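Enquirer: model this:
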Amino acid sequence: MGHRNKAILLALAILAVATAVRADTKADLPYRIGGDGRVSTDVFVDGQGPFSFLLDTASSRTMLFEHLRQTLGLAPSESGMLKVYAMNNIGTALPVKPRELRLADQPITGLTLGVLPDDLKPPDGVQAADGILGMDALSHYLLVMDHDALRLKLMDPLSADTDDYRRWPSAELTPYRAQDMDVTLWWLRAKFGDQGVTALLDMGSGITMLNWNAAEKLGLRKTSFDKAPISQNLRDALGTMEPVVTVKGLTITIANRTFAAQTVIVANAAVFRYFGLDNKAAAIIGPALLRYNSLAIDFSRRRVYIGPTSKTALTDAPS
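Expert: Predicted structure coming up:
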């Protein structure tokens with residue numbers, strides 16, 4: 001074989017390998033961490049954008065806010081309404097069906113989205129969201145959040161390129177299908193102090209929360225706080241009339257990763273009641289706890305992998 005033919009074959013082989021590597025990463029795009037710890041990224045809808053969507057592993061369905069529906073001119077895609085849940089109540093949402101969502105170069109089609117009322121003015125340091133990126137758009141991928149680079153990757157879960165992430169400490173994710181709602185949630189086991197607790201992985205929640213059944217295992221007594229005043233805004237947000245307490249300095253352990261000196265809200269929020277956990281020790285773990293760690297989530301293999309603490313954690317952490 002001549003030198004020219006060998007060179008051509010070598011070039012084709014290199015191109016084939018490069019194409020395969022690129023194919024393993026379906027999307028590679030930036031993400032942002034808001035002042036409340038929640039994560040957002042850029043999504044194009046029907047060729048327009050980018051729009052800012054919050055990442056929410058506790059939402060089965062991707063959502064738009066009303067102002068974006070108007071911008072896109074999307075009409076209802078079917079009669080009737082979709083049932084959706086929030087921290088404090090169960091509501092309904094208008095169904096719409098855009099032609100395509102696109103994350104970087106990855107098109108996602110065939111999704112029916114719900115339309116939510118526009119948020120009130122977001123708190124300082126928190127970017128207003130245009131939508132919520134739910135599990136219907138994410139569950140086919142290995143989702144990687146590289147904290148040092150602030151890059152979000154959607155990868156083929158069968159790719160050998162995912163092996164490095166699978167060496168991180170991991171915890172099993174257990175799916176839970178809510179009754180009478182198109183919602184599948186993901187639960188894992190965590191330790192709050194020395195107590196094991198079933199925890200909802202909710203990347204759309206800006207807080208870490210325990211219910212009172214879990215808190216009492218840690219020595220807190222709800223009766224000690226029965227007369228403590230609670231603002232109406234907090235009652236409305238959590239959907240509870242029972243005491244709400246902030247606990248500081250708590251140690252939380254997930255997948256052999258220890259997070260010290262954590263601040264946790266204790267409340268019997270309505271969301272625990274929706275999923276039959278009002279009589280069990282339960283928690284919600286959001287991105288505020290994991291904000292300084294890289295993560296990989298494989299929904300098909302039902303595992304979350306927690307990477308090392310970011311190099312920028314010490315400089316980013318509030319003083």
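
Enquirer: Tell me the secondary structure at the spatially most central residue of the chain.
Expert: The centroid of the chain falls nearest to Met203 when counting by Cα atoms, centre = their mean (2.5 Å). Put simply, Met203 is coil when judged by DSSP: H, G, I helix; E, B strand; the rest coil.

Enquirer: just Asn233 next, same as before
Expert: Under three-state DSSP, Asn233 comes out as helix.

Enquirer: What separation do you get for it and Ile306?
Expert: Asn233 sits 33 Å away from Ile306, going by Cβ to Cβ, to the nearest Å. Where you see a C-beta, it was placed from the backbone N, CA and C, and this is true even at glycine.

Enquirer: who has more neighbours, the two?
Expert: Ile306 (20 against 8; other Cβ atoms under 10 Å).

Enquirer: Please give the element, helix or strand, for that one.
Expert: For Ile306, the element it lies in under DSSP states H and E is strand 303-309.

Enquirer: in that strand, what's buried?
Expert: Residues of strand 303-309 classed as buried by neighbour count (16 or more other Cβ atoms under 10 Å): Arg303, Val304, Tyr305, Ile306, Gly307.

Enquirer: try stretch 226-243
Expert: Those would be Ile230, Ala237, Leu238, Gly239, Thr240, Glu242, Pro243, for stretch 226-243 by 16+ other Cβ under 10 Å.

Enquirer: cool, and stretch 136-146?
Expert: For stretch 136-146, by 16+ other Cβ under 10 Å, it's Asp136, Ala137, Leu138, Ser139, Tyr141, Leu142, Leu143, Val144, Met145, Asp146.

Enquirer: hmm, who's touching that stretch?
Expert: Stretch 136-146 is contacted by residues 26-27, 31, 39, 55, 57, 60-62, 101, 103, 108, 111, 151-157, 159, 162, 165, 294-300 when judged by Cβ atoms under 8 Å, 6 or more residues apart in numbering.

Enquirer: Show me which of these are buried.
Expert: Among the contacts of stretch 136-146, those classed as buried by 16+ other Cβ under 10 Å are 26-27, 31, 39, 55, 57, 60-62, 101, 103, 108, 152-155, 157, 162, 165, 294-299.

Enquirer: Which of the residues you listed fall in strands?
Expert: Cross-referencing those against strands under DSSP state E gives 26-27, 31, 39, 55, 101, 103, 108, 152-155, 294-298.

Enquirer: In contact with the nearest residue to the residue nearest to the centre of the chain once chain neighbours are set aside, which residues?
Expert: If the residues on either side of it in the chain are set aside, Met203 comes closest to Thr57, at 4.4 Å by Cβ to Cβ, 6 or more residues apart in numbering. Thr57 makes contacts with Met135, Leu138, Trp186, Leu201, Asp202, Met203, Gly204, Ile297, as judged by Cβ under 8 Å, 6+ apart.
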